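**Q** turn this into a model:
(one chain, ligands or ions: 2)
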Amino acid sequence: METLIIRTGNHQSQVLLGESYKQVGKYLPEARVIAITDKNVHRYYKDFISQWPVIVIKPGEQNKTFETLGYIIDRLIRLNADRSTFILGIGGGIVCDITGFAASIYMRGLRFGFISTSLLSQVDASVGGKNGINFRGYKNMVGVFRQPDFVLCDHTLLKTLANHEFITGFAEVIKAAAIRDESFFSWMEANFKAALDQNSDVLQEMIYRSVKIKAEVVEQDEKERNLRRILNFGHTFGHALEKVTGISHGEAISVGMVMAAKLSEKTGTAPAGTALRLQQLLSGVGLPLLSPVPPDELAEAMARDKKKEKEQLFLVLLRRIGEAITMPMPYTELKQHLHDLR
Ligand SMILES: NC(=O)c1ccc[n+]([C@@H]2O[C@H](COP(=O)([O-])OP(=O)(O)OC[C@H]3O[C@@H](n4cnc5c(N)ncnc54)[C@H](O)[C@@H]3O)[C@@H](O)[C@H]2O)c1
Ligand SMILES: [Zn+2]
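**A** Numbers count the residues shown, from 1 in each chain. Ligands and ions are numbered 1, 2, ... in the order given. Below is the predicted model of the structure:
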């Protein structure tokens with residue numbers, strides 16, 4: 001088992017890697033605990049979760065809304081949650097995002113922690129202190145930066161995860177390697193098959209290396225003023241695809257990364273062959289590479305992305321596998337490029 005400490009401002013957040021979820025009691029404060037989970041996770045882990053009062057939300061991106069947030073707040077009031085209550089989110093990225101937000105605003109903020117149950121949330125979503133919900137189709141439009149006290153990542157929880165959900169998590173793993181760590185990328189090329197087979201040592205190392213990259217970036221730039229933007233590699237395209245097609249976050253990010261890598265080659269920031277290497281690893285794990293959306297429709301959706309600042313979009317491009325840069329690009333220029341990125 002390994003612990004990573006993320007220090008931001010005067011807060012310390014612990015990421016517990018390879019710890020059994022059954023040991024969570026060791027990390028909970030001496031306080032009343034209320035759990036928040038979704039229906040799917042609750043079905044599998046009901047006996048374990050039943051030790052606390054629990055709020056069960058509906059699963060799915062379409063429920064990451066004000067309505068669900070209102071439901072959680074209402075239940076917290078009925079359960080007499082007060083400022084001393086500790087909130088424990090048990091679930092994937094959606095449960096963690098909305099739990100962190102509810103805990104941050106209820107009575108001006110309660111302490112909270114996560115048991116992260118999906119691959120995507122273990123390697124990315126539950127680490128880093130971004131909490132929030134969607135609003136009228138805008139992804140993550142409303143939320144706060146606030147760090148959990150701990151995030152417990154137990155890879156044995158992934159056994160009950162649907163295969164499709166497991167695979168989508170690899171998109172954020174490959175993203176982390178592509179933007180920051182060439183040696184991890186090579187390691188993934190050599191080990192992805194064992195990871196797909198849920199080889200315990202390989203999974204543990206893969207999750208550890210992904211979280212370490214995220215932790216380093218977040219420590220340097222918690223509020224995304226600069227460096228943290230590189231974590232959005234593939235996301236400007238990806239969020240637009242997610243919105244237009246309804247495909248999952250991981251799949252959309254996979255396609256988005258391929259587009260961003262091709263654009264990096266096209267604009268001369270990355271050498272030829274960069275996109276191909278990325279494509280080979282993504283398709284190896286079973287992630288999609290091609291956008292099903294016509295370029296103009298995608299451009300429209302991107303123009304509505306919240307990361308658009310005035311008439312420019314901030315794009316994350318690669319300099320090579322293992323190094324990312326951010327670059328402002330006028331929206332009109334990007335629209336031109338989009339036609340050649342298919
Ligand atoms: N805050 C951040 O920094 C950040 C980063 C990346 C992604 N995200 C967000 O994360 C969300 C996606 O996360 P996700 O892919 O985990 O989606 P999710 O939370 O919907 O989980 C995927 C599905 O698997 C089920 N599930 C989760 N764990 C399970 C388990 N152990 N066994 C059985 N079923 C299980 C869930 O009920 C759900 O149906 C998106 O909303 C995205 O915006 C946030
Ligand atoms: Zn993401």
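
**Q** so which residues of the stretch 1-150 of the chain form strands?
**A** 2-8, 11-17, 33-38, 54-57, 86-91, 111-116, 130-135, 138-145, 150-153 (DSSP state E, counting those that start in this stretch).

**Q** spell out for me which residue occupies the centre of the chain.
**A** A125 (3.1 Å; C-alpha atoms, centre = their mean).

**Q** quick one: contacts for it?
**A** Applying C-beta atoms under 8 Å, 6 or more residues apart in numbering, one finds that A125 lies in contact with G92, G93, C96, D97, S116, S118, E172. (Glycine included, C-beta is placed from N, CA and C.)

**Q** kindly report the same for I321.
**A** A177, A178, E182, F185, T274, R277, L278.

**Q** burial of the last one, as a residue count?
**A** This points to L278. 27 (other C-beta atoms under 10 Å).

**Q** isn't it up against K175?
**A** No: L278 lies out of contact with K175 (C-beta atoms under 8 Å); the separation is 9.7 Å.

**Q** returning to what we had before: okay if I get the strands of the stretch 1-150 of the chain as CSV plus distance to Q312 and mean pLDDT?
**A** Shown next, in CSV, are the strands of the stretch 1-150 of the chain (distance: least, C-beta to C-beta, whole Å; pLDDT from 0 to 100):
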stretch, distance to Q312, mean pLDDT
strand 2-8, 28, 92
strand 11-17, 32, 94
strand 33-38, 37, 98
strand 54-57, 37, 98
strand 86-91, 35, 98
strand 111-116, 34, 98
strand 130-135, 22, 96
strand 138-145, 19, 92
strand 150-153, 34, 97
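
**Q** E323 is nearest to which of those?
**A** strand 2-8 (22.2 Å; C-beta to C-beta).

**Q** for the stretch 201-342 of the chain, which residue gets nearest to ligand 1?
**A** Ranked by C-beta to the nearest ligand atom, the top residue of the stretch 201-342 of the chain for proximity to ligand 1 is H249, at 4.7 Å.

**Q** so for the residue nearest to the centre of the chain, what's the pLDDT?
**A** pLDDT recorded at A125 is 87.

**Q** re the thing from before, now the strands of the stretch 1-150 of the chain in a markdown table, with mean neighbour count?
**A** Formatted as a markdown table, the strands of the stretch 1-150 of the chain follow (neighbours: other C-beta atoms under 10 Å):
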| stretch | mean neighbour count |
| --- | --- |
| strand 2-8 | 16 |
| strand 11-17 | 19 |
| strand 33-38 | 24 |
| strand 54-57 | 22 |
| strand 86-91 | 26 |
| strand 111-116 | 27 |
| strand 130-135 | 21 |
| strand 138-145 | 16 |
| strand 150-153 | 26 |
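
**Q** and these as CSV, adding distance to I213?
**A** Putting these into CSV (distance: least, C-beta to C-beta, whole Å) gives the following:
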stretch, distance to I213
strand 2-8, 11
strand 11-17, 12
strand 33-38, 27
strand 54-57, 30
strand 86-91, 23
strand 111-116, 16
strand 130-135, 16
strand 138-145, 19
strand 150-153, 14
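
**Q** just put the ones you listed in a markdown table and tack on distance to ligand 1.
**A** Below are those laid out as a markdown table (distance: least, C-beta to the nearest ligand atom, whole Å):
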| stretch | distance to ligand 1 |
| --- | --- |
| strand 2-8 | 12 |
| strand 11-17 | 13 |
| strand 33-38 | 5 |
| strand 54-57 | 10 |
| strand 86-91 | 6 |
| strand 111-116 | 8 |
| strand 130-135 | 4 |
| strand 138-145 | 6 |
| strand 150-153 | 11 |
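
**Q** picking that back up, distance of the residue nearest to the centre of the chain from G18?
**A** 18 Å (C-beta to C-beta, to the nearest Å).

**Q** next one: I247
**A** 31 Å.

**Q** same check, this time on L317
**A** 34 Å.

**Q** the two: who's more crowded?
**A** Ranked by neighbour count (other C-beta under 10 Å), L317 and G18 place L317 first, with 23 against 19.

**Q** can you name the residues that contact that one?
**A** L317 neighbours (C-beta under 8 Å, 6+ apart): A260, L263, S264, T267, T269, A270, A324, I325, T326, M327.

**Q** for A195, same thing?
**A** Contacts of A195 (C-beta under 8 Å, 6+ apart): F170, M188, V202, L203, M206, V285.
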